[in-house]
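Asker: any chance you can model this:
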Amino acid sequence: MADELELLRRANPVPVDGAHFGDGPLDHRAERRLNRLLHDADSGRRRWRPRLVWGLGATVVVVGTVLAVLFSGPGTAPAVAAPRPLTVRAHSTPVPLKQLAELAEATAADGSPKLRKGTHVQSWSLGMSDDKPPITLPEERIVRWRADDSHTELVVATDPRHPGRPVLTDEGGEPRMVEDGHVLDRQTYPPSWSDAPPEATPPHDAVRLRSYLAETVRSDALATPELLNATEELLDHWTLGARESAALVRLLADAKGLRAVGQVTDRLGRTGQAYVYDTKGNRRMLVLDPATGAVLGLESTFTEDEPEYGVRAGDVMEYSAWMR
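Answerer: Residues are numbered from 1 along each chain as shown. Take a look at the predicted model:
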């Protein structure tokens, strides 16, 4: 709740009741902006992909104007240019997933921390234009559930790498700058309940969790790409407890093609163990807490140039960092 209040205080000057932040009033500027939902109505999935490809014509004029501002000075370009991927620390020792799974299981013996419905995630995704450099669109989302099974969702434009600086958004379908902490979406949803994944409570043993994740992404095989997709979907609905994280790492340890590469520092400054999975044109990096096995982040990067969009091998397509 403290995180939610901090985001709201930055995004909205109107005081907010700490117990009912989803019902508190917005100022008139923010209220007009609450005109889009974050998730797709059918599945709500957040698949890796470029956020948008802007068309030609009038939109190019808008993009050109925005980018002229963004790239005109050396102080602002790093905040919005396509970021480089996370870098593995030189000489760091890769930890095999099976070893980390054993550590996670030992750490989870006391069952703490507990599973919690809801999520807190910081994400970056790439926006591409027909004739302008790619730009990065950062936002933060907090979903909290109440005792009566209603829940609140808050989405703001913010980038913790550059606190207090303007943030680029594609809100309304056109790229523009907004203030740090600008409210993109704030909703309160009535009580709801489902016994189907990912809404249903995830199990904390690996066998049942595999079936749960397979149902989440509607896949019988649950090969490594589907497993990573299902992991992202799960973490966008739940904050895993120690036992659920241990079960997930056990599944990941059996995934083919997911290899340990060493230590990284993620975009929130946390130390993690990195594991990569390569497919044609794309690399996905999973970042796990080295002590608990909890998923810290998932990154997708281009491994081939896409000159028509100004994308180079190594540019980050999408990144998510989950927090408790």
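Asker: hmm, Leu213 and Leu251 touching each other?
Answerer: Yes: at 7.4 Å, Leu251 counts as touching Leu213 under the criterion of CB atoms under 8 Å. Every residue, glycine included, has its C-beta placed from N, CA and C.
Asker: ok, how many other residues are close to Arg186?
Answerer: 24 (other CB atoms under 10 Å).
Asker: name the helix or strand for it, please.
Answerer: Per DSSP states H and E, Arg186 falls inside strand 182-189.
Asker: what helices or strands is that strand leaning on?
Answerer: Counting contacts by 3 or more CB pairs under 8 Å, 6 or more residues apart in numbering; DSSP states H and E, strand 182-189 packs against helix 28-33, strand 151-157, strand 167-169.
Asker: quick check, Ala247 in a helix?
Answerer: Yes: judged by DSSP: H, G, I helix; E, B strand; the rest coil, Ala247 forms part of a helix.
Asker: return the distance of stretch 282-301 from the chain's centre.
Answerer: From the chain centre to the centre of stretch 282-301 is a distance of 11 Å (CA atoms, centre = their mean, to the nearest Å).
Asker: end-to-end on that stretch?
Answerer: Here the two ends of stretch 282-301 are set 6 Å apart, with distance taken as CA to CA, to the nearest Å.
Asker: any buried residues in stretch 202-215, and which?
Answerer: By neighbour count on 16 or more other CB atoms under 10 Å, the buried set for stretch 202-215 is Pro202, Pro203, His204, Ala206, Leu209, Arg210, Tyr212, Leu213, Ala214, Glu215.
Asker: and the contacts of that stretch?
Answerer: The contact list for stretch 202-215, computed with CB atoms under 8 Å, 6 or more residues apart in numbering, reads 115, 196-197, 200, 220-222, 226-227, 230-231, 234, 238, 240-241, 243-244, 246-248, 250-251.
Asker: can I get the helix or strand harbouring Gln122 in CSV, CA atoms only?
Answerer: In this assignment (DSSP H and E), Gln122 forms part of strand 116-129. Extracted C-alpha coordinates of strand 116-129, given in CSV (Å, rounded to 0.1, in the frame of the first residue of the first chain):
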residue,chain,number,x,y,z
ARG,A,116,-0.2,-12.8,-2.5
LYS,A,117,-2.7,-12.1,-5.2
GLY,A,118,-1.9,-9.0,-7.2
THR,A,119,1.3,-7.6,-8.7
HIS,A,120,3.8,-4.8,-8.7
VAL,A,121,5.7,-4.5,-12.0
GLN,A,122,7.9,-2.0,-13.8
SER,A,123,8.1,-2.5,-17.5
TRP,A,124,9.8,-1.0,-20.6
SER,A,125,8.7,-1.7,-24.1
LEU,A,126,9.9,-0.6,-27.5
GLY,A,127,8.0,1.7,-29.8
MET,A,128,9.1,1.9,-33.4
SER,A,129,8.5,4.4,-36.2
